[in-house]
Structure formats: structure tokens, C-alpha cells
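# below is the sequence, then the predicted model.
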Amino acid sequence: MKRILLSTILLLTSHLATAEVNVDGAYVRAVPPGQMNSAAFMQLTNNDNQNLSLISATSDAAKNVELHTHTQDNGVMRMRQIKEIKLPTEQQVILQPGGMHIMLIGLTRNLTTGENVNLSLTFSDGSEQPLQLPIKAVMPMTGHKMKHKHGAKAE
Ligand SMILES: [Cu+2]
């Protein structure tokens, strides 16, 4: 009897401890008021022992959420929708500006730097991962970081 109970507990524990996909450095791009779309970026690491895919996402800040990538079309970068973002086992996949991203289409609120956006990811094994992403300003394409002094007093 004791042994049965113990093995049940072990089973439950190991199930809860299953680390599937780790999310690092996630954020949503801040956009000026009135802009219709934005995007979310992050690093996804599949710690599961099987290949997974990110198949969809939902957000409280947008009517539609799509998975996108960028492709070169006659030297012009264009976005296009993809069905899934593949997450091979034991590998990190990077969603970043100019590459794959989670597109927020039809924003339902202003995305102001410093606030958060709820984003829920759905994976191919049926699991869901709710996230809270900070809203950050993204500098367009340059490698430099400009030094802003917001709220600096004129002295
Ligand atoms: Cu896009």
C-alpha cells in the first residue's frame, strides 16, 4: 500500500517537472499609438526529448496572432505567415526582428514601453504556455544602442 502511494507521488512529480519549452528574453515591440500591428520576439528552447512546434498563440492585446517569418524577395525583405515554428529537441530557436516572429495583428490597445502584454503559446503536443511579456522599444536595424535620456531635467 505504501509503495503504491509512493510511486503515484513520483509519477505526479515527474509529470509536473517536465520542462518542455523554455522561454527567454521575450518581449513585445512598442509601437506609436494608432499603429495596427506589432510583434513579439523571444528565444525558445525545447527541453523535451521529442521535436515540438509552436503552432499558435493568442494575446489580450491583438485581435489576431499569427506566426511569421521574413523571406528575401528580389532583395526585399517580406513577411509571410507560416503554419508552425519548428522546435527541434534540445535546440534553441530565436525569434528576432528581421527573422521569425509572433505577429500581433489588429492591436486592441496602445503598446506603451514599460507595460506588459499577455501572450499564450500553444505547442504541437497540445500544451499551452501563458506568458507576460514586457513592452520594449526596438531600434530599427542598427547595431548601436542610442542613449536616450527620458525624463531628464533641463538643468
Ligand atoms: Cu509579421
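Sure, I can see it.
# please make it C-alpha for all contacts and neighbour counts, starting now.
Noted.
# what helix or strand is residue 110 on?
Here residue 110 is covered by no helix or strand, with elements defined by DSSP states H and E.
# what separation is there between residue 114 and residue 30?
Here residue 114 is placed at a distance of 9 Å from residue 30 (Cα to Cα, to the nearest Å).
# can you tell me which residues contact the residue lying closest to residue 35 once chain neighbours are set aside?
Spatial nearest neighbour of residue 35, excluding adjacent residues (Cα to Cα, 6 or more residues apart in numbering): residue 107 at 7.7 Å. Residue 107 is in contact with 35-38, 61-63, counting by Cα atoms under 8 Å, 6 or more residues apart in numbering.
# likewise residue 125?
residue 52.
# and the chain, which residues reach the ion?
Proximity of the chain to the ion (Cα under 5 Å from the ion) is limited to residues 68, 103.
# and the strands in the chain, which stretches?
21-29, 37-46, 52-59, 62-73, 76-81, 85-87, 92-95, 101-107, 116-123, 128-136 (DSSP state E).
# any chance of those strands in TSV, with mean pLDDT too?
Formatted as TSV, the strands of the chain follow (pLDDT from 0 to 100):
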stretch	mean pLDDT
strand 21-29	96
strand 37-46	97
strand 52-59	97
strand 62-73	95
strand 76-81	92
strand 85-87	97
strand 92-95	98
strand 101-107	98
strand 116-123	96
strand 128-136	96
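# okay, how far is it across stretch 26-36, tip to tip?
So stretch 26-36: terminal residues 21 Å apart, Cα to Cα.
# list the buried ones in it?
26-31 (16 or more other Cα atoms under 10 Å).
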